[in-house]
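**Q** Let me see the structure of the following:
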Amino acid sequence: MTAEEYKVKIDGALERYFAMPDGALCSGLAASMRYSLLAGGKRIRPMLVLEFCRIAGGDVEKALPVACAVEMLHTYSLIHDDLPCMDNDDLRRGKPTNHVVYGECTATLAGDALQAEAFGTILRSELPAERRAECARILADSVGLDGMCGGQYLDMAWEGRKLSEQELTEINSRKTGALLVAACQMGVAAAGGSELMLAAAAHFGSALGIAFQIRDDMLDVLSSTEELGKPVGSDSQENKNTYMVLMGKDGCEKTVNKLTEFAKNVLSEAFEDTGFLRELADALSTRDK
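**A** The predicted structure follows:
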């Protein structure tokens, strides 16, 4: 399956969630949730779930709710990141952010509800019970104290001080990388794959996550608001610690290439049909939005 075919499948499945008739008691909250969930995006994380499930020998259709759950979780994080108390952004994917459209209180609740629904979506799926439980555990580990939320906290707590590359990677491996690792491993878990497969998936996702963040930092300097669909230059204006500050453009490019090659090579330790994931890693390393 191609990336575009995966995206169509994922978008179609997401469209079916949280549809409520006008006038229903919580239709406004559902509308806020759908606004951000269906706002577009590359769908990288759900795509990773489905492809790792496929190459681990699983049923992609049965893993589709797991893929959607990862995107719900990711969307929750974006809504909360954009809030006035966090990054205070008013543009996401070329559209006004959730709190600009629906208000800060509703946007906060939309993020909260999407997080809860992510776990519910996994646990209500048709996968065997032990696979559902493992997918939910992996997701929980990736977003809690030692995952995405912990990374967001460190990002705020360490503001205003110069960070080392190790400290910056500590933030981003949690804030960005943890959910990418989870997506890869959840695909394997949905298929009932081996420990070797889970380990290779984790190594791939970890390298991909840091490369992804470095490329993000580059685009904040090198791209435009029109191309990215969100504000650029804010990192520099707010004196944030970024890989561009630490490494410069050439250093960032070299590191992204090195991490991408590692990610591609580690797949062969546990999987045979890795063409799609290798092409995806290459595409993400040179993306312009």
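**Q** isn't Asp282 right up against Thr260?
**A** Yes: the criterion here is CB atoms under 8 Å, and Asp282 meets it with Thr260 at 6.5 Å. The C-beta positions use only the backbone N, C-alpha and C, and glycine is treated the same way.
**Q** The two: which has the busier surroundings?
**A** Thr260 (22 against 15; other CB atoms under 10 Å).
**Q** Tell me, how many residues neighbour Asp81?
**A** Neighbours of Asp81 (other CB under 10 Å): 17.
**Q** Secondary structure element holding the nearest residue to it once chain neighbours are set aside?
**A** Sequence neighbours aside, Asp87 is the residue nearest to Asp81 in space, at 5.3 Å (criterion: CB to CB, 6 or more residues apart in numbering). Taking DSSP states H and E as the definition, one finds Asp87 inside no helix or strand.
**Q** Check the spacing between Asp87 and Thr108 real quick.
**A** 14 Å (CB to CB, to the nearest Å).
**Q** In space, what's closest to Ala67 - neighbours in sequence excluded?
**A** Ranked by CB to CB, 6+ apart and with sequence neighbours excluded, the top spatial neighbour of Ala67 is Pro46, at 3.5 Å.
**Q** er, Lys264 actually
**A** Arg278 (4.6 Å).
**Q** Tell me which residues of the host helix or strand of the one you found come out buried.
**A** Arg278 is part of helix 275-285 when elements are defined by DSSP H and E. Across helix 275-285, burial judged by 16 or more other CB atoms under 10 Å covers Phe276, Leu277, Arg278, Leu280, Ala281, Leu284, Ser285.
**Q** Just the CA trace of it, in PDB.
**A** Only the C-alpha atoms of helix 275-285 are listed here, as PDB (Å, rounded to 0.1, in the frame of the first residue of the first chain):
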ATOM      1  CA  GLY A 275      10.700  -0.800   1.400                       C
ATOM      2  CA  PHE A 276       7.800   1.400   2.400                       C
ATOM      3  CA  LEU A 277       9.400   2.400   5.800                       C
ATOM      4  CA  ARG A 278      12.800   3.100   4.200                       C
ATOM      5  CA  GLU A 279      11.100   5.400   1.600                       C
ATOM      6  CA  LEU A 280       9.100   7.100   4.400                       C
ATOM      7  CA  ALA A 281      12.300   7.800   6.400                       C
ATOM      8  CA  ASP A 282      14.000   9.300   3.400                       C
ATOM      9  CA  ALA A 283      11.000  11.400   2.600                       C
ATOM     10  CA  LEU A 284      10.700  12.800   6.100                       C
ATOM     11  CA  SER A 285      14.400  13.600   6.200                       C
END
